[in-house]
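Student: Got a sequence here, can you build the structure:
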Amino acid sequence: MDAMTRLAKAVDGLLFSSEADYPLEPFVWTDTVPFSPDALYTLTTLPPSTLVTKEDINDFFAPMLHLPPEATAEARKRVTRFRSLVRLLRRSLSDLAVYKLGTVEMPTFIVGKLANGTRAGLRTTLPWMLDADRRYSVSSAC
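Tutor: Numbers count the residues shown, from 1 in each chain. Next comes the predicted model:
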């Protein structure tokens, strides 16, 4: 089973929960434009001038990996799935980073390199930017 098939299986039915629940969907960068964080807008309906924020994968997944003492059996199962997903991402993709586009209803991409050098990962949506201090323009900071 290839890496993208394993990722698709790992995220099947798994939702990234914040103020709303959004699915995680595998993607492979197939655009004719070479990959760069500021080119991710081509996978969305956002304009090229869209602000891109980079986040560490550990920080991004931290809320999904925390298990409060009073967690239900369902919550424990979800945390276990997210922990397995993060391990799989680390095994399957190198140079992992998270890129959030815009500031409201943000398309969010977990991007890395497959063994063959192709950029791939997962995409989801976040309702809004939670930490405006980490915002920056990709053209000047990536």
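Student: Quick check: which ranges of the protein have low pLDDT?
Tutor: Applying pLDDT under 70 to the chain flags the ranges 128-142.
Student: Next, the buried residues of the lengthiest helix in the chain.
Tutor: Identified as the longest helix of the chain according to DSSP state H is helix 73-92. Across helix 73-92, burial judged by 16 or more other CB atoms under 10 Å covers R78, V79, R81, F82, L85, V86, L88, L89, S92. C-beta coordinates here come from the backbone N, C-alpha and C atoms, glycine included.
Student: swap in stretch 32-45?
Tutor: Under 16+ other CB under 10 Å, the buried positions of stretch 32-45 are P37, D38, A39, L40, Y41.
Student: Now do that stretch: distance to the chain's middle.
Tutor: Put simply, stretch 32-45 sits 15 Å off its chain's centre (CA atoms, centre = their mean, to the nearest Å).
Student: Sort out which one of the buried residues of helix 73-92 lies nearest F60 for me.
Tutor: Ranked by distance to F60 (CB to CB), the buried residues of helix 73-92 are led by V86 at 9.5 Å.
Student: Leaving out the residues flanking it, which one is nearest to that closest one?
Tutor: Distances taken as CB to CB, 6 or more residues apart in numbering put F61 closest to V86, at 5.4 Å, once the chain neighbours are dropped.
Student: Check whether P48 sits in a helix, strand or coil.
Tutor: The three-state label given to P48 by DSSP: H, G, I helix; E, B strand; the rest coil is coil.
Student: contacting residues for it?
Tutor: P48 sits next to D38, Y41 when contact means CB atoms under 8 Å, 6 or more residues apart in numbering.
Student: same thing with N58?
Tutor: Contact criterion CB under 8 Å, 6+ apart gives no residues in contact with N58.
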